[in-house]
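J.: Give the three-dimensional model of this entry:
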Amino acid sequence: MEQRTATHILFVGAGAVGCFYASRLHHPAQNIHVSLTARSNYSAIAESGVSLQTHTFGNYTFLPHAVFPSVQAASPESMPSPHNLKVPPPASGWDYIIVTTKALPDKTDDAAMIAPLVSPKSCIVLIQNGVGVEDPYRQRFPHNPIISAVTIVSAEQIKQGTIRQNRWTRMSLGPYGHGLSRALRDGGGQDESSQLLSRATKSMNDLTRWWTELGNIRDVEPHTEMELQTIRWHKLCINAAFNPTAVLSGGRGNADIVTDPELREHVAGIMQEIWDAAPKVLGKPFDENQVATPARIIRSNERNKGSKPSMLLDWEAGRPMELEVILGNPVRIARAAGVPMPRLQSIYAILKSMQTVREQRAAVAKNTKL
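T.: Sure, this is the predicted structure:
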C-alpha cells in the first residue's frame, strides 16, 4: 500500500494502551508517522523509544516519529523546526489525534486539553473506557469527525517506557455523529450530521486497514455508530463488574474474584443488571450470537490470572478512578430512560465516597506539612 502524502498521527497518552496501539500503527515506509505526547515517562521514551514485551508479537522496540512532553508542545504553533525531524508534521495540523488517556470528566476537561492540537482536518479518535465519553468532544468540536473506539487489551507499563501485553488485542471502532438519541432517531445520521459521519467512516476504515494489514492486529473491526455504542454498553459488563469489585474486595484480580463464590455471584449480578438495562437504553437487546453473555464473560476471566483491573491499579497508586464514565454515566443515562440500576448505583456511591474521603485526607495531610 502506498501513500502519496504523509499521514501524521498523534497519540495523547503514552500509557500501556496508547503505546501498544501506537506501535502497531507506525509505518514510516508507508508514510504513516505516529508521534506521542508523554508526561512521567517522557524522558525514557524520548531517549530510547518504547520497549514492548508482547504475547502476540514478541519483543520489539517502537521508535515514535516524535515525542512531546505536553499537548502544548505538540501544537502546530510549538512544532519543532523541520531539521529536527525527517518528516515534520504538517503546519496545517495533525491528521489524527488519538486520545488514550483515562476518561476523568470529574477531574479534567480532556476536550479542552486537546484543543490546541485540533485543526479543521483533524479526526479525533477516542480509545477510552465507559459510556458518554464522546459528548464533551462533540460539543467543543462540532465540525470535526470523531471516531469512538472500544478495546479489550490486557497490557501494563511495568516501568518507564516498557510495556507488557499479556493477552487480548480486540479493537472496535465506530463513527460518532451527535449521540445515541440521534443515532436511534435517524438510523445513524440522515440529517446534518451525515457529512461528519461520512468523514469519520472513511477515517475509521483507513485506521482499520492500517492496524490490520500493516500492524497485523487481527481483531480490529469497523462498526456503525449504533453498533459501537452497543459494544460500549456491553463492555460495561466487564468494566463495571470487575473494576469496582477489585477495589472493594481489597485488591483481588479478575480470576481471583470469580473463584470466590460470593464475589462470583456479586459480579454476575452486576453484569445481569447491565444486560437487562442496556436494551431499554439502546432500543434493542444484545445479540448473544455477537457478544458474550455474563456467564461466558465469567468463565473467560477464570483464565485471566495475574492481571489487575485498571481501577484497582489507580486506587493502589492513589490516582483518581474512572468512576463517572464506568459507573456514574451509565446510572444517569439509564435513569433518564426510566431504568433503575440499583447495584451499579450502590457501588458508584460507595467508591465515589471512598475517593472523596481519600482526597480530603490527602489535602489535610498536605496542608499540615506546610
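J.: could you pull out the strands for the stretch 1-150 of the chain?
T.: 7-12, 32-37, 50-54, 58-62, 67-68, 96-99, 123-127, 146-159 (DSSP state E, counting those that start in this stretch).
J.: What average pLDDT does the fifth one get?
T.: So that's strand 67-68. The average pLDDT within strand 67-68 is 92.
J.: Just put the strands of the stretch 1-150 of the chain in JSON lines and tack on distance to Arg218.
T.: In this view, the C-beta of every residue, glycine as well, is placed from N, C-alpha and C. JSON lines is the format used below for those (distance: least, Cβ to Cβ, whole Å):
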{"stretch": "strand 7-12", "distance to Arg218": "21"}
{"stretch": "strand 32-37", "distance to Arg218": "19"}
{"stretch": "strand 50-54", "distance to Arg218": "14"}
{"stretch": "strand 58-62", "distance to Arg218": "15"}
{"stretch": "strand 67-68", "distance to Arg218": "28"}
{"stretch": "strand 96-99", "distance to Arg218": "20"}
{"stretch": "strand 123-127", "distance to Arg218": "17"}
{"stretch": "strand 146-159", "distance to Arg218": "13"}
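J.: Any chance of TSV for the ones you listed, columns mean neighbour count and distance to Arg209?
T.: Shown next, in TSV, are the strands of the stretch 1-150 of the chain (neighbours: other Cβ atoms under 10 Å; distance: least, Cβ to Cβ, whole Å):
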stretch	mean neighbour count	distance to Arg209
strand 7-12	24	12
strand 32-37	24	11
strand 50-54	20	21
strand 58-62	12	20
strand 67-68	23	26
strand 96-99	24	13
strand 123-127	24	14
strand 146-159	20	14
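J.: Identify whichever of those lies nearest to Ala277.
T.: Of all the strands of the stretch 1-150 of the chain, the one in closest proximity to Ala277, counting by Cβ to Cβ, is strand 146-159 (18.1 Å).
J.: how near is the spatially most central residue of the chain to Glu221?
T.: For the chain, Gln128 is the residue whose C-alpha lies nearest the centre (Cα atoms, centre = their mean; 1.8 Å). Distance of Gln128 to Glu221, given as Cβ to Cβ, to the nearest Å: 18 Å.
J.: mind listing what's buried in stretch 301-318?
T.: Asn301, Asn304, Ser307, Lys308, Pro309, Ser310, Met311, Leu312, Leu313, Asp314, Trp315 (16 or more other Cβ atoms under 10 Å).
J.: Out of those, which is nearest to Asp95?
T.: Nearest to Asp95 among the buried residues of stretch 301-318, with distances taken as Cβ to Cβ, is Ser310, at 28.5 Å.
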